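Trainee: okay, predicted coordinates and the sequence, questions at the end:
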Amino acid sequence: MFLALAVLTIIALRDVRNNRLVQTTGAVWLVFNVLHFCYHVQHLDMYGTRDQVLNAVSLSALVLLAALLLVPILPARRSDSR
């Protein structure tokens, strides 16, 4: 799973101007990260307080980063030099 996500991410990094590819990569990472977050939040009792907080914060950050990839890239404005 992680290797497949890594391959998809590398392909998206090579063609970052392709909105559809970047958004698809973001959607895939978002699905994975939401499920991963939900699992770990339900199993926080096995960790100490510091690790509970770090797990919740870091996994939440990954969900937010994946969601940011869903935001479309605005095309660069061309300047008319006359």
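Mentor: Noted; the coordinates are in hand. Nothing here was measured: the structure is a model prediction, and the numbers come from that model. Residues are numbered from 1 along each chain as shown.

Trainee: what's in contact with the longest helix along the chain?
Mentor: Under DSSP state H, the helix in the chain containing the largest number of residues is helix 19-42. Counting contacts by CB atoms under 8 Å, 6 or more residues apart in numbering, the residues outside helix 19-42 that touch it are 1, 5, 8-9, 11-12, 15-16, 55-56, 59-60, 62-63, 65-70, 72-73. The C-beta positions use only the backbone N, C-alpha and C, and glycine is treated the same way.

Trainee: try it again at 10 Å.
Mentor: The contact list for helix 19-42 (CB atoms under 10 Å, 6 or more residues apart in numbering) reads 1-2, 4-5, 8-16, 18, 46-47, 52, 55-56, 58-75.

Trainee: now that helix: buried residues?
Mentor: Buried residues in helix 19-42, counted by 16 or more other CB atoms under 10 Å: 21-23, 25-26, 28-30, 32-33, 37, 40.

Trainee: same question for stretch 5-19.
Mentor: Across stretch 5-19, burial judged by 16+ other CB under 10 Å covers 9, 12.

Trainee: gap between it and the chain center?
Mentor: For stretch 5-19, the distance from its own C-alpha centre to the chain's C-alpha centre is 12 Å (CA atoms, centre = their mean, to the nearest Å).

Trainee: same question for it, mean pLDDT?
Mentor: Across stretch 5-19, the average pLDDT comes to 94.

Trainee: which strand or helix spans the most centrally placed residue in the chain?
Mentor: In the chain, the C-alpha closest to the average C-alpha coordinate belongs to Ala66, at a distance of 2.0 Å (CA atoms, centre = their mean). Under the assignment given by DSSP states H and E, the secondary-structure element containing Ala66 is helix 49-68.

Trainee: quick one, what contacts Asp45?
Mentor: With contacts defined as CB under 10 Å, 6+ apart, Asp45 is in contact with Gln52.

Trainee: check Ile10 too.
Mentor: By CB under 10 Å, 6+ apart, Ile10 lies in contact with Thr25.
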